[in-house]
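Visitor: Structure for the following, please:
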Amino acid sequence: MLVAEDHPVNQRITTRFLEKLGVAWEVVANGEEAIEALKRRDFDLVLMDVQMPVMDGLEATLTIRKLEGLRGTHVPILALTANVLEEHRKEAQQAGFDDYIAKPVNLEELRVKLVKWAPKVAAV
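Guide: Down below sits the predicted model:
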């Protein structure tokens, strides 16, 4: 699983939850790094912070979806966001996010989303 998150505290919380769920992860600090990581290897799921420096999650997801269109692939991308208003959800959906998780991340919500979007990872 790829975690694209710029804030060290949020990185730590999310990765500890993933460890509790038995999920292997890799962390990157911005959207540009997320794109490069996805070019290097396949991931079952991406947790993408929406607001990051260098390249935000919206722009990164749009870019990833364009690359996938050329390759004929699709990785589920879940937005990590404190903005849970309907307009923000629509913006994330239009950018190509499959779903979202509200910050601060909650262990049970993360487990539910993993079961939904990456069942083979969640079954580990």
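Visitor: Gln11 versus Ala102, what's the distance?
Guide: 17 Å (Cβ to Cβ, to the nearest Å). Every C-beta, even on glycine, is put in place using the N, C-alpha and C of the backbone.
Visitor: Burial check on Glu36, number of neighbours?
Guide: 10 (other Cβ atoms under 10 Å).
Visitor: Give the closest residue to it in space, chain neighbours not counted.
Guide: Val28 (7.8 Å; Cβ to Cβ, 6 or more residues apart in numbering).
Visitor: Can you classify the spatially most central residue of the chain by secondary structure?
Guide: Ranked by distance to the mean C-alpha position of the chain (Cα atoms, centre = their mean), the top residue is Leu47 at 1.5 Å. When classified by DSSP: H, G, I helix; E, B strand; the rest coil, Leu47 comes out as strand.
Visitor: So for it, what's the pLDDT?
Guide: Predicted confidence (pLDDT) for Leu47: 96.
Visitor: CA-only coordinates of the helix or strand Val112 falls within in PDB, if you can.
Guide: Val112 is part of helix 107-117 when elements are defined by DSSP states H and E. Extracted in PDB, the C-alpha atoms of helix 107-117 (Å, rounded to 0.1, in the frame of the first residue of the first chain):
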ATOM      1  CA  LEU A 107      -8.600   2.400  12.700                       C
ATOM      2  CA  GLU A 108     -12.100   0.900  12.100                       C
ATOM      3  CA  GLU A 109     -12.900   3.200   9.200                       C
ATOM      4  CA  LEU A 110      -9.500   2.400   7.600                       C
ATOM      5  CA  ARG A 111     -10.200  -1.400   8.100                       C
ATOM      6  CA  VAL A 112     -13.600  -1.100   6.400                       C
ATOM      7  CA  LYS A 113     -12.200   0.800   3.400                       C
ATOM      8  CA  LEU A 114      -9.400  -1.700   3.000                       C
ATOM      9  CA  VAL A 115     -11.900  -4.600   3.000                       C
ATOM     10  CA  LYS A 116     -13.900  -2.700   0.300                       C
ATOM     11  CA  TRP A 117     -11.100  -1.500  -1.900                       C
END
